[in-house]
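1. Let's see this in three dimensions:
(one chain, ligands or ions: 1)
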Amino acid sequence: MKLFNFKTKYDADNSGHFGIYGGRYAPEMLIPALEQLEREYVAIKKDPAFEKEFFYYLKTYVGRPSPLYFAQNLTKKLGGAKIYMKNEGLNHTGAHKINHCLGQALLAKRMKKKRLIAETGAGQHGVAAATVAARFGFDCTVYMGEEDIKRQRPNVFWMQRLGAKVIPVMEGSRTLKDAVNAALKDWITNVKDSHYLLGSTLGPHPFPSLNRDFQQIVGYEVRNQLQELEGKLPDMLIACVSGGSNALGLFYRFLEDESVRMIGVEAGGEGVSKKGRHASRFAGGTLGVVQGYKTIFLQDKEGNIAQTHSISAGLDYPGIGPQFAYLKDVGRVEFSSATDKEALRAFNLTVKCEGILPALESSHAIAEVIKQAPKLSKDTIIVVNISGRADKDIFIVAEALGDKEWDKFIKEKSK
Ligand SMILES: Cc1ncc(COP(=O)(O)O)c(C=O)c1O
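-> Presented below is the predicted three-dimensional model:
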């Protein structure tokens with residue numbers, strides 16, 4: 001087996017804990033479903049037939065391997081390290097989310113579930129979940145905060161066309177964390193025939209490990225592709241981090257290669273000194289147990305989850321995946337943040353320089369590349385994960401750039 005038998009010293013223990021983080025703090029009614037999921041997860045890790053099926057659909061349906069592209073113009077412009085972009089935006093449905101959606105759909109099929117429940121922020125996970133539901137014949141319900149629906153309307157439209165029921169969540173800040181709560185509630189009620197297709201490396205055990213293992217295909221490919229292109233390992237890996245699925249996907253296969261530096265980039269919003277106006281968990285977050293697992297959350301003294309903000313709907317989740325909280329503690333992964341403005345600047349530069357439209361989430365990672373590359377020598381290699389493409393961000397980018405023609409077009413259309 002090439003993928004699922006891979007392990008590292010940074011993995012969870014048998015109870016799903018990464019150091020003090022992670023675990024399973026779920027309502028009693030969900031425990032049988034989580035135990036069933038864990039049993040199946042353990043079984044597929046030893047099953048070459050499952051891995052073969054996963055690879056088959058990754059190749060023929062998702063379009064993998066995704067390209068590892070040498071960003072020659074950006075490299076020249078920044079004048080330091082050689083920059084490679086792993087372009088997950090070219091996957092079917094436009095982001096890395098399809099990797100774990102495909103894996104979980106195949107798993108749900110084995111568990112004979114009839115229905116998929118999903119939560120979504122940017123809508124990329126929702127679209128990918130609705131896509132695999134259509135392909136493999138599941139009913140599908142997607143929970144999405146009302147605020148995110150406003151920000152990511154095109155993805156709502158496509159989820160509905162794919163046959164999913166999209167339910168607006170009106171509680172709390174009406175964003176991703178509220179959608180996760182609503183999805184968990186649905187799962188408790190319909191646990192027998194439904195699988196909760198959770199969309200990142202977070203939540204109760206085994207979700208953080210399960211989604212990481214489906215996403216490790218990203219780093220697995222990068223390792224082989226870079227070997228072919230450069231004959232060596234990368235010096236630095238950079239990815240944006242919300243729950244952590246795209247970043248762990250890139251980093252996981254390199255965790256035990258001590259020479260490889262890794263930087264996770266959180267959403268700095270309007271600046272990490274502005275409480276409630278960013279989503280950087282390592283700037284003011286504290287230990288808590290929320291949504292079935294233990295990690296660093298942005299919360300007040302009473303444990304109420306704090307308001308967050310980011311220009312990108314996919315990065316404003318208040319908790320960080322438990323494996324990343326652990327990897328930060330043990331010093332294996334470094335963290336930084338990029339503000340909305342820095343992400344927009346990185347977006348514009350990448351579009352103009354490379355002809356690539358990175359999702360606003362991924363633009364946060366590129367903002368870090370812009371800070372790091374000039375400090376590094378020309379023989380060093382940075383690989384940045386372009387976790388998705390920007391089609392979904394058309395309204396936000398047009399507004400942020402103050403595009404008058406677009407504004408006129410929208411007004412005319414709405415008449
Ligand atoms: C394109 C894209 N990148 C990154 C993320 C952040 O999620 P994660 O940290 O799980 O990769 C999202 C979430 O919606 C996304 O849509």
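
2. what residues does the stretch 1-150 of the chain put near the ligand?
-> Counting by Cβ under 6 Å from any ligand atom, the residues of the stretch 1-150 of the chain lying close to the ligand are 95, 121, 122, 124, 125. Quick note: C-beta positions are derived from backbone N, CA and C, even for glycine.

3. SS state for the closest residue in space to residue 165 that isn't next to it in sequence?
-> Take residue 165 and drop its neighbours on the chain: the residue closest to it by Cβ to Cβ, 6 or more residues apart in numbering is residue 141, 4.8 Å away. At residue 141, secondary structure determined by DSSP: H, G, I helix; E, B strand; the rest coil is strand.

4. Return the residues in contact with residue 141.
-> Residues near residue 141 by Cβ atoms under 8 Å, 6 or more residues apart in numbering: 115, 116, 117, 118, 164, 165, 167, 186.

5. Throw the residues you listed into TSV and include distance to residue 68 and pLDDT, thanks.
-> TSV is the format used below for the contacts of residue 141 (distance: Cβ to Cβ, whole Å; pLDDT from 0 to 100):
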residue	distance to residue 68	pLDDT
115	37	98
116	31	98
117	34	98
118	29	98
164	32	98
165	37	98
167	38	98
186	38	97
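
6. Need the buried ones from the residues you listed selected in ChimeraX.
-> To isolate the buried members of those in ChimeraX, using 16 or more other Cβ atoms under 10 Å:
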select :115,116,117,118,164,167,186
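
7. give me the number of residues near residue 187?
-> Using other Cβ atoms under 10 Å, residue 187 has 20 other residues around it.

8. Show me which residues of the stretch 301-415 of the chain are close to the ligand?
-> Close to the ligand, as judged by Cβ under 6 Å from any ligand atom, the stretch 301-415 of the chain has residues 314, 315, 359, 361, 362, 387, 388.

9. Please give me every residue in contact with the third one.
-> Taking Cβ under 8 Å, 6+ apart, we find residue 359 in contact with 89, 94-95, 122, 124, 312, 314, 386-390, 392-393.

10. How many residues are close by the nearest residue to it once chain neighbours are set aside?
-> Of all residues not flanking residue 359 in the chain, residue 388 sits nearest, at 3.6 Å (Cβ to Cβ, 6+ apart). Residues lying near residue 388 (other Cβ under 10 Å) number 31.

11. Next: residue 227.
-> Residue 227 - counted by other Cβ under 10 Å - has 11 other residues nearby.

12. which SS class is it?
-> Residue 227 is classified as helix under three-state DSSP.

13. Kindly reformat the residues of the stretch 1-150 of the chain next to the ligand as a markdown table containing neighbour count and pLDDT.
-> Formatted as a markdown table, these follow (neighbours: other Cβ atoms under 10 Å; pLDDT from 0 to 100):
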| residue | neighbour count | pLDDT |
| --- | --- | --- |
| 95 | 30 | 97 |
| 121 | 30 | 92 |
| 122 | 29 | 86 |
| 124 | 28 | 93 |
| 125 | 31 | 96 |
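
14. tell me what the helix or strand containing residue 118 is packed against?
-> Residue 118 belongs to strand 115-120 when assigned by DSSP states H and E. Judged by 3 or more Cβ pairs under 8 Å, 6 or more residues apart in numbering; DSSP states H and E, the packing partners of strand 115-120 are helix 97-110, helix 124-136, strand 139-145, helix 176-189, strand 194-196.

15. who touches that strand?
-> 104-105, 108, 125-127, 129-130, 132-133, 138-144, 148, 155, 159, 176, 179-180, 182-183, 186-187, 190, 193-199.

16. Convert the C-alpha atoms of that strand to CSV, please.
-> Provided in CSV are the C-alpha atoms of strand 115-120 (Å, rounded to 0.1, in the frame of the first residue of the first chain):
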residue,chain,number,x,y,z
ARG,A,115,-27.6,10.0,3.5
LEU,A,116,-24.7,12.5,3.9
ILE,A,117,-24.8,15.5,6.2
ALA,A,118,-22.2,18.3,5.7
GLU,A,119,-21.4,21.7,7.0
THR,A,120,-19.7,24.3,4.9
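
17. Any buried residues in stretch 333-346, and which?
-> In terms of neighbour count (16+ other Cβ under 10 Å), stretch 333-346 has its buried residues at 333-340, 342-346.

18. actually stretch 2-16, not the one I wrote
-> Here stretch 2-16 shows 3, 4, 10, 12, 16 as buried, counting by 16+ other Cβ under 10 Å.

19. how about CSV for these, with secondary structure, distance to residue 215 and pLDDT added?
-> Output for those, formatted as CSV (DSSP: H, G, I helix; E, B strand; the rest coil; distance: Cβ to Cβ, whole Å; pLDDT from 0 to 100):
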residue, secondary structure, distance to residue 215, pLDDT
3, coil, 11, 97
4, coil, 12, 97
10, coil, 15, 98
12, coil, 15, 98
16, coil, 17, 98
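
20. quick revisit: would you mind giving me the PyMOL syntax to select the buried ones in the contacts of strand 115-120?
-> In PyMOL, selecting the buried portion of these, with burial taken from 16+ other Cβ under 10 Å, looks like this:
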select buried, resi 104+105+108+125+126+127+129+130+132+133+138+140+141+142+143+144+148+155+159+176+179+180+182+183+186+187+190+194+195+196+197+198+199
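
21. Let me see the residues that make contact with stretch 275-283.
-> Here stretch 275-283 has contacts from 242, 266-272, 284, 295-298, 306-310, 315-320, 328, 335, 337, 339, using Cβ under 8 Å, 6+ apart.

22. mind redoing it with 6 Å?
-> Identification of contacts with stretch 275-283 by Cβ atoms under 6 Å, 6 or more residues apart in numbering yields 266-270, 272, 296, 298, 307-310, 315-316, 320, 335, 337.
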